[in-house]
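A.B. asks: take a look and give me a structure for this.
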Amino acid sequence: MRYYDEISTGYYELYGKEQNKKLAIILNHFKPKKTDRLLDVGCGSGLSTRVWKCKTVGVDPSFKLLPKGQYYINAEAEHLPFKDSSFDIVISVTALHNFHDIRKGLQEIKRVGKKRFIFSILKKTAKAEKIEKLIKEFFSVKKIIIEDKDIIYFI
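C.D. replies: This is a model prediction of the structure:
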């Protein structure tokens with residue numbers, strides 16, 4: 001996470017437009033209820049957490065990138081500090097390839113989530129095939145949207 005700590009002050013300028021485009025696609029296909037609890041794993045600067053009109057919590061291992069506030073927690077995906085089935089929805093927008101152990105991270109996401117999950121993965125990551133295989137191993141994918149740079153999975 002050293003890279004993200006180092007670019008934290010310019011993160012939005014580097015990735016903001018790209019992330020907003022993916023989020024717009026997700027928002028067009030998914031509307032949570034106001035009462036839903038949503039966990040954003042790998043929330044980074046909080047950009048992908050703030051768009052939802054429900055109760056949200058964001059986690060990210062990059063302390064410098066993470067916004068300050070009670071709803072943002074410095075944690076790794078492989079060790080989520082929540083009880084089983086704590087969240088109605090769990091999302092991870094372009095973060096899975098950064099997990100130290102993708103299998104363990106997805107197991108943790110499944111453990112803390114109830115039934116709705118959304119993941120986007122970079123098409124160009126060398127780990128794309130492995131990530132897709134693991135997503136399909138742990139979850140029943142309902143819809144896939146292929147975006148310019150990402151593949152978005154709705155579960």
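
A.B. asks: quick test: name the residue nearest the centre of the chain.
C.D. replies: Relative to the mean C-alpha position of the chain, the nearest C-alpha, by C-alpha atoms, centre = their mean, is the one of Ser92, at 1.3 Å.

A.B. asks: what about it, which helix or strand?
C.D. replies: When elements are defined using DSSP states H and E, Ser92 is found to belong to strand 87-93.

A.B. asks: which residues of the protein fall in helices?
C.D. replies: 2-6, 11-29, 47-50, 102-112, 128-138 (DSSP state H).

A.B. asks: so which of those is the most packed in?
C.D. replies: Ranked by mean neighbour count, these are led by helix 47-50 with a mean of 20 (mean count of other C-beta atoms under 10 Å). In short, each C-beta sits where N, CA and C put it, glycine included.

A.B. asks: what does that one contact?
C.D. replies: Judged by C-beta atoms under 8 Å, 6 or more residues apart in numbering, the contacts made with helix 47-50 from elsewhere in the structure are 12, 16, 19-20, 23, 38, 40, 43, 56-58, 71-72, 91, 93.

A.B. asks: just these now: which is nearest Ser140?
C.D. replies: Comparing the contacts of helix 47-50 against Ser140 with C-beta to C-beta places Ile91 closest, at 16.6 Å.

A.B. asks: got any ranges where this structure has weak pLDDT?
C.D. replies: Low-confidence segments of the chain (pLDDT under 70): 1-18, 65, 69-70.
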